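In: curious how this folds, go ahead:
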Amino acid sequence: MAPHNIKWGIMATGWIADTFVRDLLRDPAIRGVSDVTHTITAVASSTSSSRAEKFISDTGIPAPCAAHGTYKELVSDPNVEVIYVATPHSHHFQNVMLALEAGKHVLCEKAFTVNAAQTKILCDVARQKNLFLMEAVWTRYFPLSVQVRNLIRDGAIGEVFRVMADTSFGDDVEEAWGTEHRMVNMDLAGGALLDLGIYSLTWVFQTLYHTLPRETRKAPSKISAHMTPYHLTGADEATTILLTFPTSTPSNGTHPGESQAIAMTHLRVSTDPDERNTARPAIRIQGTKGEIQVDGPAFRPERYRVIPKGKDGEVREVEVRVPGDGKGMFWEADEAARCLRDGRLESEGLPWEESIAIMEVMDEVRRQGGMTYPEKIESTVYPTVL
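Out: Numbering: from 1, shown residues only. Predicted coordinates for the structure are as follows:
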């Protein structure tokens, strides 16, 4: 049977779109994939078609590929099946609504939106219009992530009661990000939480929540957060979240007790200070029979180890490299293609209710930290001009 081909439209021309496109253009055979293929049929810049043309030539997208100077043109393009939204978080709600209203399927960069209310509306609209919608948390689709989740489900480390996850970059924030950069700019929903903290929460959720059968998954029963604002803009430069889940995994609550998690993110200290992985795990998943450690970076891990309890156990080191010179974004694209092929509206790897549950955690963290974004960005009114 011929592989199922998907026609992509790329919304935005920044570095994340560049990375995604270069991964899409790699031969799927390099990663052992033969059932789906990808074609990029259009690219749009919000400022000019010449910018889209430059992006097409820079990334080497083969012709024919249309260059659009507005997002409206992109979502109206009949040769586009699914839109990859790579704009800043602040614009996701408006941009995804534009695509859904035009009848296009959507893969939207994380964080899905600025708040849970926006995410809920997008999911409702996708459901009403029978359109596929997925938050592009690429890390979830790494074979390494799948292996770790399966190990937990299979009871490899017993009952999991605690997870610690960190996604931090030690930058000179003033020097590196200033005030205008999207990392710290409140008008672009900047801050460590939405950009980096989401990866720490991803590890917490994919190990303590997603490893349970879908009908038994429960959102955290307690959330406590500390947030440090960046003195120049008010966006968070450091956030630490303590979460309690009402069940543990994988026994699905038959085991007495809750599980706890710590999700951390920081712009001034680093998970991996020497960038040689001397610091080792970014994630520790602790169970009654041992521990799984995942080396950072949390968003693109390539190494983990299973440490059994007791002196006689043998530590198992596992390396799962991203094939070729790819970044690893192709796996989420493959997942989107398979969902489209099979007529599914959401991915089992990250169902809508889980994206919403994570957005609700971030809402509560911001509430406790007193961090609100400008009204237009938090708005659930479509269309709102940003």
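In: quick one, phi psi at Arg214?
Out: Torsion angles at Arg214 (phi, psi; degrees, to the nearest 10) stand at phi -50, psi -40.
In: do you know how far it is from Glu375?
Out: 35 Å (C-beta to C-beta, to the nearest Å). Just so you know, the C-beta spots here come from the backbone N, C-alpha and C atoms, and that holds for glycine as well.
In: with Thr211 instead?
Out: Plainly put, Thr211 is 38 Å away from Glu375 if you go by C-beta to C-beta.
In: which of the residues in the longest helix seen in the chain are buried?
Out: Using DSSP state H, we find that the single longest helix of the chain is helix 352-369. Within helix 352-369, the residues scored as buried using 16 or more other C-beta atoms under 10 Å are 352, 354-366, 369.
In: again with stretch 334-353
Out: 334-340, 345-347, 349-352.
In: do the same with stretch 26-46
Out: In stretch 26-46, counting by 16+ other C-beta under 10 Å, buried: 26, 28, 31, 33, 36-46.
In: quick one: that stretch to chain centroid distance?
Out: Distance of stretch 26-46 from the chain centroid (C-alpha atoms, centre = their mean, to the nearest Å) equals 19 Å.
In: where in the stretch 101-250 of the chain is pLDDT low?
Out: Nowhere does the stretch 101-250 of the chain drop to pLDDT under 70.
In: all strands for it, in order.
Out: In the stretch 101-250 of the chain, the strands defined using DSSP state E, counting those that start in this stretch lie at 105-109, 133-136, 160-168, 222-229, 236-245.
In: show me what the third one is packed up against.
Out: With contacts defined as 3 or more C-beta pairs under 8 Å, 6 or more residues apart in numbering; DSSP states H and E, strand 160-168 has these neighbours: helix 198-208, strand 259-266, strand 281-287.
In: need the ones you listed in a markdown table with mean neighbour count and distance to Val294, can you?
Out: Shown next, in a markdown table, are these (neighbours: other C-beta atoms under 10 Å; distance: least, C-beta to C-beta, whole Å):
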| stretch | mean neighbour count | distance to Val294 |
| --- | --- | --- |
| helix 198-208 | 27 | 7 |
| strand 259-266 | 23 | 14 |
| strand 281-287 | 23 | 4 |
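In: about what we covered before: who has more neighbours, Thr211 and Glu375?
Out: Each of Thr211 and Glu375 has its neighbours counted (other C-beta atoms under 10 Å); Thr211 has more, 22 against 9.
In: so how far is Asp272 from the more buried one?
Out: In this view, Thr211 and Asp272 are 26 Å apart by C-beta to C-beta.
In: what does Pro383 give?
Out: From Pro383 to Asp272 the distance is 42 Å (C-beta to C-beta).
In: the more surrounded of the two?
Out: Comparing Pro383 with Asp272 by other C-beta under 10 Å, the one with more neighbours is Asp272, at 19 against 9.
In: how about the residue lying farthest from the centre of the chain, secondary structure?
Out: Relative to the C-alpha centroid of the chain, counting by C-alpha atoms, centre = their mean, Asp312 is the outermost residue, at 37.8 Å. Secondary structure, DSSP: H, G, I helix; E, B strand; the rest coil: Asp312 is coil.
In: ok, now His91?
Out: When classified by three-state DSSP, His91 comes out as helix.
In: find the residue closest to Lys222 in space, skipping its chain neighbours.
Out: Of all residues not flanking Lys222 in the chain, Thr244 sits nearest, at 4.0 Å (C-beta to C-beta, 6 or more residues apart in numbering).
In: and if you look at Glu258?
Out: Leaving aside its sequence neighbours, Glu258 sits nearest to Thr244 (C-beta to C-beta, 6+ apart; 5.1 Å).
In: can I assume that neighbour is in contact with Ile262?
Out: No: using C-beta atoms under 8 Å, Thr244 makes no contact with Ile262, being 10.8 Å away.
In: that older thread, Asn150: which of the buried residues of helix 352-369 is nearest?
Out: Using C-beta to C-beta, Glu354 comes nearest to Asn150 of the buried residues of helix 352-369, at 17.4 Å.
In: and the closest one, what does it touch?
Out: Counting by C-beta atoms under 8 Å, 6 or more residues apart in numbering, Glu354 touches Phe205, Tyr209, His210, Arg217.
In: and with 7 Å instead?
Out: Glu354 sits next to Phe205, Tyr209, His210 when contact means C-beta atoms under 7 Å, 6 or more residues apart in numbering.
In: which among these gets closest to Ser248?
Out: Of all the contacts of Glu354, Ser248 sits closest to Tyr209, with 11.0 Å by C-beta to C-beta.
In: now the nearest residue to that closest one once chain neighbours are set aside: how far from Glu346?
Out: Using C-beta to C-beta, 6+ apart and skipping the chain neighbours, the partner closest in space to Tyr209 is Arg217 (5.2 Å). Computed as C-beta to C-beta, the Arg217 to Glu346 distance reads 14 Å.
In: please apply the same query to Gly234.
Out: As for Gly234, its distance to Glu346 is 34 Å (criterion: C-beta to C-beta).
In: what does Thr233 give?
Out: 35 Å.
In: could you do Ala116 as well?
Out: Ala116 is 16 Å from Glu346, by C-beta to C-beta.
In: what's the answer for Pro383, then?
Out: For Pro383 relative to Glu346 (C-beta to C-beta), the value is 25 Å.
In: same question for Ser145.
Out: 18 Å.
In: likewise Val85?
Out: Taking C-beta to C-beta, one finds Val85 at 16 Å from Glu346.
In: how about Gln118?
Out: For Gln118, the distance to Glu346 - C-beta to C-beta - is 17 Å.
In: so who does the closest residue to His181 other than its chain neighbours touch?
Out: Nearest residue to His181 in three dimensions, chain neighbours excluded: Gly190, at 7.4 Å (C-beta to C-beta, 6+ apart). Gly190 makes contacts with Arg182, Met183, Val184, Thr233, Ala235, as judged by C-beta under 7 Å, 6+ apart.
In: noted, bye for now.
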